[in-house]
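Novice: Okay, here's the prediction I keep looking at, along with the sequence it came from:
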Amino acid sequence: MPQETVVLGCGVSGLTTGIRLLEAGHRVRILTDKLPLQATSGVAPAIWHPYRAFPEEKVVPWARRTLEVFYDLAEKGDVGISMLTMLELFEHQPEPEPLWIGLLRTGRRAAPEELPAGFGAGYVLEIPRIETPVYLPWLLRRFEDLGGSIQQPLRLVSDFSEVLAPDRLVVNCTGLGAQPLTGDPEVFPIRGQIVRVSHTGLTSAVADEEGPLSVAYVIPRDHDVILGGTAERGEWDLTPDPAVTEEIRGKAERLKPEVTGAEVLEVRVGLRPGRSAVRVEREELAAKNGSPGGVVIHNYGHGGAGYTLSWGCAEDVVRLAEES
């Protein structure tokens with residue numbers, strides 16, 4: 001086992017991976033330019049939902065394992081994980097049924113009278129909801145309580161040669177930062193704008209991923225409601241668009257009239273780290289420019305499913321680390 005493991009990135013993937021590595025006996029240091037709530041993970045509305053992550057044959061086992069962990073954490077009651085009823089909408093009945101729906105303990109097809117106008121099918125599901133202002137700080141405390149340390153350098157690592165060493169394992173959880181770091185041409189941003197509004201007493205969520213209002217969702221949290229959203233592939237702009245804000249509110253009000261007139265508390269934009277396939281794999285890098293080579297384990301490209309795949313991918317990273 002290497003004397004030190006360095007994790008690049010402190011979003012939900014980096015923190016979760018760091019925790020599992022510490023539990024496996026590694027000495028772990030995270031290098032990051034942003035703490036969790038400042039990163040893309042802090043913008044996410046955060047529910048368990050395998051959204052725009054591929055390939056399915058890998059995503060389903062990762063999602064299943066993460067779901068098992070979330071069920072356990074929901075029972076703790078103080079880490080920001082709780083169960084939420086959500087209506088998942090479709091324009092037509094999907095054939096075949098999405099595999100991930102069968103992973104949940106509780107779910108059924110929606111009755112026709114439960115569907116808003118314009119939708120021909122839906123599922124009523126009980127899914128884990130992640131309160132990011134609670135869960136991310138809990139992950140951070142858990143990481144530090146296990147002996148992990150976080151270092152915020154003056155600049156980002158721009159080349160693996162800066163951190164590789166013969167007795168060191170490097171884990172790449174940089175999300176979109178993996179594009180310039182690795183030169184991976186498959187990495188791309190999926191721009192998402194959300195609107196955070198005041199709580200209106202709403203107790204259930206609704207989402208349209210592929211239907212006439214897509215992408216649209218309404219997700220109540222303990223102290224606010226998240227309205228979304230967008231999924232703009234290839235867009236890097238982090239500036240909120242007022243016209244998009246109004247469009248999001250209009251769709252949300254059609255799906256859940258209860259949010260009509262809710263006070264806008266905040267508008268945020270995040271960039272999901274898209275890729276044709278989630279990359280969780282080991283790579284041996286050769287020495288160059290006078291710097292030693294070494295082993296890098298990649299864990300990026302989760303699209304809109306960073307939380308949903310976090311524990312499953314982290315445990316695969318640990319397996320790859322032990323094989324190293």
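Specialist: Everything's here; your move.
Novice: other SSEs contacting whatever helix or strand V197 lives in?
Specialist: With elements delineated by DSSP states H and E, V197 resides in strand 188-198, which encompasses its position. For strand 188-198, the helices and strands in contact under the criterion 3 or more Cβ pairs under 8 Å, 6 or more residues apart in numbering; DSSP states H and E are strand 224-228, strand 232-233, helix 242-255, strand 264-274. Quick note: C-beta positions are derived from backbone N, CA and C, even for glycine.
Novice: most tightly surrounded among these?
Specialist: Using mean count of other Cβ atoms under 10 Å, the stretch among the helices and strands packed on strand 188-198 with the greatest mean number of neighbours is strand 224-228 (a mean of 23).
Novice: and that strand, which strands flank it?
Specialist: Sheet partners assigned to strand 224-228 using DSSP bridges are listed as strand 188-198 (antiparallel), strand 216-220 (antiparallel).
Novice: Could you check the angle the strand holding V197 makes with helix 242-255?
Specialist: Direction vectors for strand 188-198 and helix 242-255, defined by axes from the mean of the first three to the mean of the last three Cα atoms, to 10 degrees, enclose an angle of 60 degrees.
Novice: Show me where the stretch 1-150 of the chain has its strands.
Specialist: 4-8, 28-31, 81-90, 107-109, 121-130, 149-151 (DSSP state E, counting those that start in this stretch).
Novice: nearest to A286, of the ones you listed?
Specialist: strand 4-8 (18.5 Å; Cβ to Cβ).
Novice: Give the pairing partners of the closest one; include direction for each.
Specialist: In the sheet containing strand 4-8, its partner strands are strand 28-31 (parallel), strand 168-172 (parallel), by DSSP bridges.
Novice: how much space between V218 and M86?
Specialist: Taking Cβ to Cβ, to the nearest Å as the measure, V218 falls 9 Å from M86.
Novice: which residues do the two both contact?
Specialist: A205, V206, A207 (Cβ atoms under 8 Å, 6 or more residues apart in numbering).
Novice: ok, the first one touching L87?
Specialist: Yes. Under the criterion of Cβ atoms under 8 Å, A205 is in contact with L87, at a separation of 7.2 Å.
Novice: Tell me which of these two has more neighbours.
Specialist: Between A205 and L87, A205 has the larger neighbour count (other Cβ atoms under 10 Å), namely 25 against 21.
Novice: what about that one, distance to H49?
Specialist: If you go by Cβ to Cβ, the gap between A205 and H49 works out to 10 Å.
Novice: next one: S161
Specialist: From S161 over to H49 (counting by Cβ to Cβ), the distance is 38 Å.
Novice: what do you get for A63?
Specialist: A63 sits at a distance of 9 Å from H49 (criterion: Cβ to Cβ).
Novice: and for these two, which residues touch both?
Specialist: Overlap between the neighbourhoods of A63 and H49 consists of W100, A305, T308, taking contacts as Cβ under 8 Å, 6+ apart.
Novice: Of those residues, which belong to helices?
Specialist: Using DSSP state H, the members of these that fall within helices are T308.
Novice: quick check, nearest of the shared contacts of A63 and H49 to L73?
Specialist: Minimum distance to L73 across these is 13.7 Å, recorded for T308 (Cβ to Cβ).
Novice: my guess is the closest one contacts W48, does it?
Specialist: Yes. The pair T308 / W48 is scored as a contact, 5.1 Å apart, by Cβ under 8 Å.
Novice: Now list whatever residues contact both of those two.
Specialist: When contacts are counted by Cβ under 8 Å, 6+ apart, T308 and W48 are jointly contacted by A63, T66, L67.
Novice: now the angle from the host helix or strand of W311 to strand 264-274?
Specialist: Taking DSSP H and E as the criterion, the element that holds W311 is helix 306-323. The directions of helix 306-323 and strand 264-274 differ by 40 degrees, with the same axes, to 10 degrees as the criterion.
Novice: List the buried residues for helix 306-323?
Specialist: Taking 16 or more other Cβ atoms under 10 Å as the basis for neighbour counts, the residues of helix 306-323 that come out buried are 306-318, 320-321.
Novice: May I see the shared contacts of V218 and M86 arranged in TSV, with distance to Y71 and pLDDT as well?
Specialist: As requested, the shared contacts of V218 and M86 are exported to TSV (distance: Cβ to Cβ, whole Å; pLDDT from 0 to 100):
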residue	distance to Y71	pLDDT
A205	18	98
V206	22	98
A207	20	97
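Novice: and which of these is nearest A53?
Specialist: A207 (15.5 Å).
Novice: surely the closest one meets Y217?
Specialist: Yes. With contacts counted by Cβ under 8 Å, A207 reaches Y217, the gap being 4.0 Å.
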